[in-house]
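Student: could you work out the structure for the sequence below:
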Amino acid sequence: MQEECIVCKAPLIYLEQDEWMECELCHKKELSKTRCQNGHYVCNDCHTKGLDTILSLCIDETSRNPIEIVRKMMDAPFCHMHGPEHHVMVGAALLTAYKNAGGAINLRESVMEMLNRGKAVPGGTCGFWGACGAGISAGMFVSILSGATPLTEESWGLSNQMTSKALEAISHTGGPRCCKRDSYLAILAAVDFVKTHFGIEMECTEVHCTHYAQNNQCIGKRCPFWRFDDSI
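Tutor: Got it, this is the predicted structure:
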């Protein structure tokens, strides 16, 4: 079993109430419900350090398959087994595949906007907010491509529908959290949604998880992407 604190590798603890924590890496102090068993806390900014390199990955990408794209992101040094980086990665992979499939967006500007929005969604939202960040990221994707704002009509509705569809898929599988599983579920929901509402057909492939050996909370056969491979 792999451990979870990126400072000492100890398991994480989720507290009932917010406490003031000091980030072990940048020494910023903020309220959080999360620390490791040894008391270490790492803020979202430090946990996602290096995530900005996602822009060049997206610009250079030619695939129309968001699952394939997000897998490349998952293999990058900035990505951990779990963490708020997934709140950016889902939307960025979808924007990239959408553009490559013929969608009319400025990819550089769109991915930069996705970075700004996604990084504002903290870790732990799946449990503490009742809305997984991967699902929210899919909604942000539709919001960005459709130009939604709090005052728009159709695009406002479509963005919220997308988030709803993604969260529905995630919730049906149940917990505990797995950022990889939830990212795949959100992306698959978005592929169908975009084909229906925007007429853009992204490519998609069957997903077989290769990360379960790094996940202490893997739900095994309950996961739609679980395929046991003793070589992993």
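
Student: check what pLDDT the nearest residue to Asn65 once chain neighbours are set aside gets.
Tutor: Spatial nearest neighbour of Asn65, excluding adjacent residues (CB to CB, 6 or more residues apart in numbering): Glu203 at 4.1 Å. Glycine gets a C-beta too; all of them are placed from N, C-alpha and C. You'll see Glu203 listed with a pLDDT of 96.

Student: quick one, what contacts Glu203?
Tutor: Glu203 is in contact with Ser63, Arg64, Asn65, Glu68, Ala97, Ala101, counting by CB atoms under 8 Å, 6 or more residues apart in numbering.

Student: who wins for neighbours among the residues you listed?
Tutor: Greatest neighbour count in those, by other CB atoms under 10 Å, goes to Ala97: 29 neighbours.

Student: now that one: which helix or strand?
Tutor: Secondary structure assignment for Ala97, by DSSP states H and E: helix 86-100.

Student: which residues touch the lowest-mean-pLDDT helix or strand in the chain?
Tutor: Ranked by mean pLDDT, DSSP states H and E, the weakest helix or strand in the chain is helix 44-47, scoring a mean of 88. Under the criterion CB under 8 Å, 6+ apart, residues Ile6, Cys23, Leu25, Cys26, Lys28, His80, Gly83, Pro84, Glu85, Lys119, Pro122, Gly123 lie in contact with helix 44-47.

Student: let's see it at 7 Å
Tutor: Ile6, Cys23, Leu25, Cys26, Gly83, Pro84, Pro122, Gly123 (CB atoms under 7 Å, 6 or more residues apart in numbering).

Student: stretch 12-29 now?
Tutor: 4-5, 7, 30-37, 40-43, 45-46, 124.

Student: I figured Arg64 was touching Ala101, is that so?
Tutor: Yes: under the criterion of CB atoms under 7 Å, Arg64 makes contact with Ala101 at 4.3 Å.

Student: got any residues that touch both of the two?
Tutor: Met202.

Student: nearest to Arg177, of the contacts of Glu203?
Tutor: Nearest to Arg177 out of the contacts of Glu203 is Glu68 (CB to CB; 23.3 Å).

Student: Glu19 falls within a helix, correct?
Tutor: No: under DSSP: H, G, I helix; E, B strand; the rest coil, Glu19 sits outside any helix and is assigned strand.

Student: state the distance from it to Thr34.
Tutor: Counting by CB to CB, to the nearest Å, the gap between Glu19 and Thr34 amounts to 10 Å.

Student: who's more crowded, those two?
Tutor: Set Glu19 next to Thr34 and count neighbours by other CB under 10 Å: Thr34 wins out with 19 against 12.
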